[in-house]
Structures are given as structure tokens and as C-alpha cells.
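Peer 1: Sequence and computational prediction follow.
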Amino acid sequence: MSSNNTAGAGPSLGAGLPGASVNLGRKPRPGETAIKAVLFVSAMLSVAITVGILVALVEPVIHFFAEVPFGDFFSFDEGQRFAVFPLITATLMTTAIALMVSVPLGLGAAMYLSEYASRRARKYLKPTVELLAGVPSVVYGFFAVMFVTPTLLQDILGLGVGFTNALAAGLVLGVMIIPTIASLAEDAFSAVPQALRQGSYAMGANRMQTTLRVVLPAALSGVAAAIVLGLSRAVGETMIVALAAGSQKNFSLNPLEGMQTMTGFMATTAGGENPVGSTSYNTLFAVGLTLFVITFVINMVSIALVRRYRQAY
Amino acid sequence: MASATSSDTFPQMGSLGEVHVSAERRLPDAPVNPVMETRDLNVFYGDFHAVHDVNLAYGRHEITAMIGPSGCGKSTVLRCLNRMNDLVAGAHVEGEVLYHGQDIYQKNVDPIAVRTQIGMVFQKPNPFPKSIYDNIAYGPRVTGMKVDNMDDLVEEALRGAALWDEVKDKLKQSAYGLSGGQQQRLCIARTIATKPDVILMDEPCSALDPIATARVEDLMLELRNEYTIIVVTHNMQQAARVSDRTAFFTARPDETTGNRTGLLVEYDLTSTIFSNPNDKRTEDYISGRFG
């Protein structure tokens, strides 16, 4: 056995060499181990919670479909108690209106802040835009019911809308997610290297061409992430739609009518009068799982789209 | 009046044997009918006086090099020549920058129109995150150039930048797949695609290896036949190899604030600057005693 071949740093190892007395052996570092364990647990905890939510969601759904036929759930019939499609169309309606408001305004605000505004203007405007994100959604809900529907839609625009309608809910939802889209998209624009803008200006491009043809494509993945996050918030937002869109299932593509969204349905059903384990109670989870699948699919599709079209710098 | 005969022959490179002038060209002492000229050019960034009283004339179909130590204002002067300094917050220019006799800092001058005539290549290659083809086509598209056949224009620009043979089979691929030297030649191709009159180059080879540098330098000598080139460089050998005239800048610290203001020390034929400079500071710099 050759003793001078072992990994341990005994004092006899290479005794004749300079620095031979330095101990290179491994020292125990208990603090490092403990921190690694804590960090691992926090990482695993969020995974575990996600899995837990999914399990808690799926289990009542299994019971639900034991009692209710698929056809009754996946039905367009708004009179049918368990029909989900009227809820889905209502959610898509309010979300689509919200995006029509928030994508142009949010991206416009982001472009202005990042590409046009002076340093001074940006210093004051960006926090102001972000302040909008701090307004509680119930306040937005009341804003929709007390101002947007009666004053804006009925009095000013003269539309024949009822007390609850998808248009008011969608518009206010859109206002709610403007700061999310504006702030994240502004970050994405600002992250585009200055060298690309200079290259564009040096070619004789103007500011709009530089913004739309160089900065926007280069920032596309960040911009798409901003829109998807805004979209997810719109799909999942409950308070505004529960207050402003109505609590009546309505399979309609007319935004002037009231219609109950998926989240609105869940808020109503979770109200308390349905005993745990009852079919009505389990409906909640069936709708919840549908909502989860929809947001998941939207996320996947948008990631794939961004991969396809982005211009990475 | 300087007599033409005295400048007809280049003085021999005496003490600086390792420096070679690329091509023997017969040039007048000073540019005749210069394409661009700066007159009493002063540049400020906020309160900071970056460049003091620069008077320079840039000759047609010549390569003019601007050299000097860091902070001497040579890049600042270059960025004034196509109003790229407009993009720097707080930048302020005094004096005149003449392009064919017209002051490009006049109020009625459109900086975008200036930049279509005076293109620029930057220190670090900055291709757009688009395909090679779209990088070249970008300039003609945004400036609304009348183009009969974009494919031909792209090929012509890439040939002009000696890049065509390397990329002709992958025009639709991302420009980011090219090497650094190829990217820089792509940026040169992109610039000549808009058919400018003058090309500004801001240390175009400082991010490149020696082989890529040699290719870009060869390209500059070819482009000289059609364009006027003004190049800022840290590399004295590069200035000696490619340029016809050299302007040497230095930085002078302010006695009270300590801020360093750039100024032009000497401007002459490159052969004169490198063999027989007038100013002691130029001689010290090019012989490596300073900077």
C-alpha cells in the first residue's frame, strides 16, 4: 500500500516541498449543510404545495363525475345546472375585452416610458403606473358597478346595458392589468442593449421604426411574458367579475348582457350553503380544474409562440 | 500656401521601422474640397467640457484616423459627425460640423437625413437579432430607399463587405451565428447597403482577433475607393496601416476641476505623423513613451 497516494492531507504528504505544512484536508462546515437543507426544503415546499393543490382539485372532481354525466358538465345549455361552457365563454369574453384594453394601453405605456420619456418623466410616471397595481380588486369592482356601467356605458355612450354586463367587467379588468403589462414590458424594453438602438439610428431609422422593428422584436419574449401574466390575472380575477358581470349563467356572445364567469360561479357556489361532499360542492372543483387547464394551455401555447418568433439578442 | 511638390513624396519611416504605410498615395497637404469639416467644435456633456476647439477637414475618398489616449475626445468628435451625440442625454455641441459645406447642427437639419448619408460602424459588432438578410435590408427598408430588387442589393452589400462567399448559403439564418469578425463585416455591409457618402468607424477592430482585424483593414482600403472613411482607433499600427491622414488628440486636465478636456494636437498626412511629427506630445505618444 502506498501511503503517499491517499487523498487525505496528512502532514507527511510531500514533506520536502514548499508549503508542505499547509493543511489542505476537508473541514466540516455544518452551517453550509444546514443552509443547503433549508434552501432545499423551501424549494420543495412550493412544488409540494402545487402538487397538493392539484390532488385536492382532482379528488372531488372524480366524485363529481361519478354522479354527473360528462354531457351535463360539458354542455352549452345555460339552463342546465352543471353546464360549464356558458361559464367558459363568459370568462373568455371578459378576458378578451380586458386584453383589448390592456395590451395596447400597457404596451403603449411601456414603449413611451422606455423609448420616448425623458429620464425625469420616467422617474415620476413609472411609480404612478405601478401604483394602479396596488388598488384592491374589490375597489375596481365597485368602480365598474357604480361608475362604468351607469355613467360611462349608459349615460355617456348610451348603450342599453343592464346593471351587470360583461363589457363593464372586461373594461375594468383591462384597467386592472394595465400596470402589470406596462411594468413588465417596460422592463423587457429597457433590457434591450443600447447598442441595438444606436445601430438602428445610425442606419437612418427614426424612433418609431427603432422601437417597432428592433426593440419590440428583441424584447418579444419579455413582452409576451407580460401579456400572459396579465391574461392569467384577468382569467383568474374574481371580485370584479363577481360584482360587475353578474351571477346568472348566460351563453351569449353579446358583451352588453350580464353573464357569469367561471370565477364568478365559484365565488357564488363557495358561498357556504353547499355542504362539503355534495354534488354542488364538487362542481366547484370541476370548474376550478377546468380553469386550471385553460390557463395552463394558454401558458404552453404562448411559450411555444415566443420560442418560434422571438429574436434573441 | 504649401507647395505641392514637397508633399509628393512620402518621407521615409526613419525611427519607426516597424510601422508601414499600406499604400503609396499621392495626396495634397490638406484635403481639397473636404467632404466633412469641423470648425471650432466644442462638446459638452452637462457641465463637463469633453472636447475643445477641434478644427479638422476630412478628404474625399480618404481614410482619416483619429488617434489618442483614452478620454481624449476622439470618439466624441466622431459621434458629432452624424449627430449620434443627440442620443446622449445632456450632450451639447458648439461650433460647426460641415457636410459639403452645410452645417449639420443647424435647426432645420434632420438628423435622420444626416445619418442616411453618414453611416456608422461601432466598436462592438451590433447586428440586429434578425437574419443576415434582414440585417442588410433593414436600412433600405426604414429609409424608404427605392430598391428594384432587394436580393441584388443584399448580395451587392455583402460582396462589398467581402462577406458574401461566407454567408451566401445561410442568408436566412440569424446574424448571431456568425463569428465576431463576420458580424463586424456584416455591420459594414449593413452600412453600405444604404449607400452612404461617409462611413464613420468607432474602433471597429478593438473587439476582434488579429486575423479578423486584418480582414476588416483590407476591406477599409477597398471601401476607400467609393467612400470617405473616418476611423477612431486605439491601435497606432492600424492607423499607420490604413489611414491617409491622422489626427492626434490628447486630454488636458482642467487646473481647477481636474476634468480632462480633449483637444486636437496635430493633424497631418499619416506618413508625416508617424515619421516626423511636429509636436512633442505626438512624438511621445506614437513612440510609446506616453499613453
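Peer 2: Cool, got the structure.

Peer 1: Sketch out the low-pLDDT regions of chain B for me.
Peer 2: Along chain B, segments meeting pLDDT under 70 span B:1-24, B:290-291.

Peer 1: helix/strand/coil for the most far-flung residue of it relative to its centre?
Peer 2: Computed with C-alpha atoms, centre = their mean, the residue of chain B farthest from its C-alpha average is residue B:256, at 32.9 Å. Classification of residue B:256 by DSSP: H, G, I helix; E, B strand; the rest coil places it in coil.

Peer 1: Phi first, then psi, for it.
Peer 2: Torsion angles at residue B:256 (phi, psi; degrees, to the nearest 10) stand at phi -90, psi -50.

Peer 1: could you measure it against chain A, distance?
Peer 2: 28 Å (C-beta to the nearest C-beta, to the nearest Å). Where C-beta positions appear, they are placed from N, C-alpha and C, glycine not excepted.

Peer 1: Same check on residue B:229?
Peer 2: 15 Å.

Peer 1: where along the stretch 101-250 of chain A do the strands fall?
Peer 2: Assigned strands in the stretch 101-250 of chain A: none (criterion: DSSP state E, counting those that start in this stretch).

Peer 1: how about the helices of it, start to end?
Peer 2: Listed in chain order, the helices of the stretch 101-250 of chain A (DSSP state H, counting those that start in this stretch) span A:119-131, A:137-143, A:166-190, A:194-202, A:207-209, A:216-218, A:220-236, A:239-244.

Peer 1: So for residue B:160, which of these sits nearest?
Peer 2: Ranking the helices of the stretch 101-250 of chain A by proximity to residue B:160 (C-beta to C-beta) places helix A:194-202 first, at 17.2 Å.

Peer 1: Please point out which parts of that closest one sit buried.
Peer 2: A:196, A:197, A:198, A:199, A:200, A:201, A:202 (16 or more other C-beta atoms under 10 Å in any protein chain shown).

Peer 1: which residues sit in contact with the fourth one?
Peer 2: When contacts are counted by C-beta atoms under 8 Å, 6 or more residues apart in numbering or on different chains, residue A:199 is found next to A:214, B:122, B:126, B:127, B:128, B:187, B:190.

Peer 1: Which single one of the residues you listed is nearest to residue A:27?
Peer 2: Nearest member of those to residue A:27, counting by C-beta to C-beta, is residue B:126, at 48.3 Å.

Peer 1: Double-check that closest one against residue B:190; I have them as touching.
Peer 2: No: in this structure residue B:126 lies outside contact range of residue B:190 using C-beta atoms under 8 Å: 9.6 Å.

Peer 1: For those two, work out which one has more neighbours and name it.
Peer 2: Between residue B:126 and residue B:190, residue B:190 has the larger neighbour count (other C-beta atoms under 10 Å in any protein chain shown), namely 30 against 23.

Peer 1: what about the more buried one, which helix or strand?
Peer 2: helix B:180-193 (DSSP states H and E).

Peer 1: Now look at that helix and say if it contacts chain A.
Peer 2: Yes: using C-beta under 8 Å from any C-beta of the partner chain, we find that helix B:180-193 touches chain A at B:187, B:190, B:191.

Peer 1: now for that helix, which elements pack on it?
Peer 2: In terms of contacts (3 or more C-beta pairs under 8 Å, 6 or more residues apart in numbering or on different chains; DSSP states H and E), helix B:180-193 is packed against helix A:194-202, strand B:118-121, helix B:132-142, helix B:150-160, helix B:164-167, strand B:198-202, helix B:210-223.

Peer 1: so that helix versus helix A:194-202, what angle?
Peer 2: 20 degrees (axes from the mean of the first three to the mean of the last three C-alpha atoms, to 10 degrees).

Peer 1: what's the angle between helix B:180-193 and helix B:210-223?
Peer 2: Orientation check (the same axes, to 10 degrees): helix B:180-193 against helix B:210-223 gives 20 degrees.

Peer 1: where do the strands sit along chain B?
Peer 2: Along chain B, the segments classed as strands by DSSP state E run B:36-45, B:48-58, B:63-67, B:91-99, B:102-103, B:118-121, B:198-202, B:228-232, B:245-253, B:260-269.

Peer 1: What residues does the stretch 51-200 of chain A have near chain B?
Peer 2: So far as C-beta under 8 Å from any C-beta goes, the stretch 51-200 of chain A lies against chain B at A:118, A:119, A:193, A:195, A:196, A:197, A:198, A:199, A:200.

Peer 1: and if we set it to 7 Å?
Peer 2: A:119, A:195, A:196, A:198, A:199 (C-beta under 7 Å from any C-beta of the partner chain).

Peer 1: tell me which of these is nearest to residue A:149?
Peer 2: So of these, ranked by how close each gets to residue A:149 (C-beta to C-beta), first place is residue A:119, at 40.2 Å.

Peer 1: Burial check on the closest one, number of neighbours?
Peer 2: 8.

Peer 1: Spatially nearest residue to it, not counting backbone neighbours?
Peer 2: residue B:89 (6.3 Å; C-beta to C-beta, 6 or more residues apart in numbering or on different chains).

Peer 1: hmm, back to that, got TSV for the helices and strands packed on helix B:180-193, with distance to residue A:38 too?
Peer 2: Shown next, in TSV, are those (distance: least, C-beta to C-beta, whole Å):
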stretch	distance to residue A:38
helix A:194-202	40
strand B:118-121	52
helix B:132-142	49
helix B:150-160	57
helix B:164-167	52
strand B:198-202	50
helix B:210-223	49
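
Peer 1: That'll do, ta.
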